[in-house]
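1. What follows is a predicted protein model with its sequence.
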Amino acid sequence: LVPPPLEPHADPWVGRRFPRWSYQLAASTNSVARLGWAVYISPGQRVAEQHIILLLGCVELLRRAQWIAFRIEWEQHCRAHAAWLERRPATAAADE
């Protein structure tokens with residue numbers, strides 16, 4: 001993993017921990033997992049048997065773990081930017 005840059009860039013992908021395609025894959029798998037979970041929790045459903053319910057529960061856990069990783073990455077990205085803002089010279093802050 002590459003550490004975030006010291007200066008912010010115009011490109012929001014600079015300093016990210018995961019490749020761009022992983023975000024698109026995460027959004028797609030999140031949609032599918034949420035649809036499965038919606039079937040599971042819908043009232044009066046008779047489609048899901050016990051092994052399907054267990055599978056949907058495991059998929060939900062994986063979905064949440066996936067987004068936890070992205071949230072941690074985003075928090076680290078924001079903190080690195082805030083730290084950069086604190087370290088930059090006062091003259092650079094006055095120029096903006």
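-> Perfect, I can see it now.
2. contacts and neighbour counts: CA atoms only from here.
-> OK.
3. In which helix or strand does residue 27 reside?
-> Residue 27 is part of helix 20-41 when elements are defined by DSSP states H and E.
4. Centroid-nearest residue for this protein?
-> residue 70 (2.5 Å; C-alpha atoms, centre = their mean).
5. what's the pLDDT at that residue?
-> As predicted, residue 70 sits at a pLDDT of 88.
6. Within the helices and strands, which one has residue 52?
-> With DSSP H and E as the test, residue 52 turns up in helix 50-87.
7. Pick out the least confidently modelled helix or strand of the chain, by mean pLDDT.
-> Using mean pLDDT, DSSP states H and E, helix 90-95 stands out as the lowest-scoring helix or strand of the chain, at a mean of 54.
8. thinking again about what came up before, from the contact counts, what lies against the helix holding residue 52?
-> Helices and strands touching helix 50-87, by 3 or more C-alpha pairs under 8 Å, 6 or more residues apart in numbering; DSSP states H and E, are helix 20-41.
9. how about the helix it packs on: buried residues?
-> 30, 33, 36-37, 39-40 (16 or more other C-alpha atoms under 10 Å).
10. I'd like those residues as JSON lines, with distance to residue 59 and pLDDT appended.
-> As requested, the buried residues of helix 20-41 are exported to JSON lines (distance: C-alpha to C-alpha, whole Å; pLDDT from 0 to 100):
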{"residue": "30", "distance to residue 59": "10", "pLDDT": "90"}
{"residue": "33", "distance to residue 59": "6", "pLDDT": "88"}
{"residue": "36", "distance to residue 59": "9", "pLDDT": "81"}
{"residue": "37", "distance to residue 59": "9", "pLDDT": "75"}
{"residue": "39", "distance to residue 59": "13", "pLDDT": "75"}
{"residue": "40", "distance to residue 59": "12", "pLDDT": "72"}
